[in-house]
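K.L.:
Structure for the following, please:
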Amino acid sequence: MADEKKIDHGGFAFPTSEIRAPNGMVISPGSDGMSLRDWFAGQAVQAAVSGHIAHYGHENYWPPKDIASYAYEVADALIADRKGGAQ
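P.N.:
Numbers count the residues shown, from 1 in each chain. Predicted structure coming up:
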């Protein structure tokens, strides 16, 4: 898939450093954490679903695939805006 657009994940959200004991033993190797794009999408899901329920009530079904697509669309816009390129 040569023409597939490369996704900008925005870097890492909540990375942790390596933690060592005074004797030099590694207690925690550290972690990059989740991608900023995934974190933004999770925030968008919370806002979208709670807003949808508040406006339409629980009986109005919103397909999860549509919610996920919307969430990543919002996440991509947030990353672009951070870099000064929002459309």
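K.L.:
Show the pLDDT at the nearest residue to Arg82 once chain neighbours are set aside.
P.N.:
Nearest non-adjacent residue to Arg82, counting by CB to CB, 6 or more residues apart in numbering: Gly10, 7.1 Å away. C-betas here are computed from N, CA, C, even on glycine. Residue-level confidence at Gly10 comes out at 88, pLDDT.
K.L.:
what's the distance between Gly10 and Ser28?
P.N.:
When distance is defined by CB to CB, to the nearest Å, Gly10 is 24 Å away from Ser28.
K.L.:
Neighbour count for those two, which is higher?
P.N.:
Gly10 (19 against 10; other CB atoms under 10 Å).
K.L.:
So the more buried one sits against Phe40, correct?
P.N.:
Yes - using CB atoms under 8 Å, Gly10 is in contact with Phe40, at 7.2 Å.
K.L.:
if we can go back for a sec, now do the contacts for the residue nearest to Arg82.
P.N.:
Applying CB atoms under 8 Å, 6 or more residues apart in numbering to Gly10 gives the contacts 35-37, 40, 75, 78-79, 82.
K.L.:
let's go with 10 Å and repeat that
P.N.:
Listed by CB atoms under 10 Å, 6 or more residues apart in numbering, the contact partners of Gly10 are 35-40, 75-76, 78-80, 82-83.
K.L.:
ditto for Arg37
P.N.:
7-11, 13, 71-72, 75-76, 78-79.
K.L.:
element containing it, please.
P.N.:
Assessed by DSSP states H and E, Arg37 sits inside helix 36-56.
K.L.:
tell me the SS of the residue sitting furthest away from the middle of the chain?
P.N.:
Distance from the centre of the chain peaks at Asn23, with 37.0 Å (CA atoms, centre = their mean). Under DSSP: H, G, I helix; E, B strand; the rest coil, Asn23 falls in the coil class.
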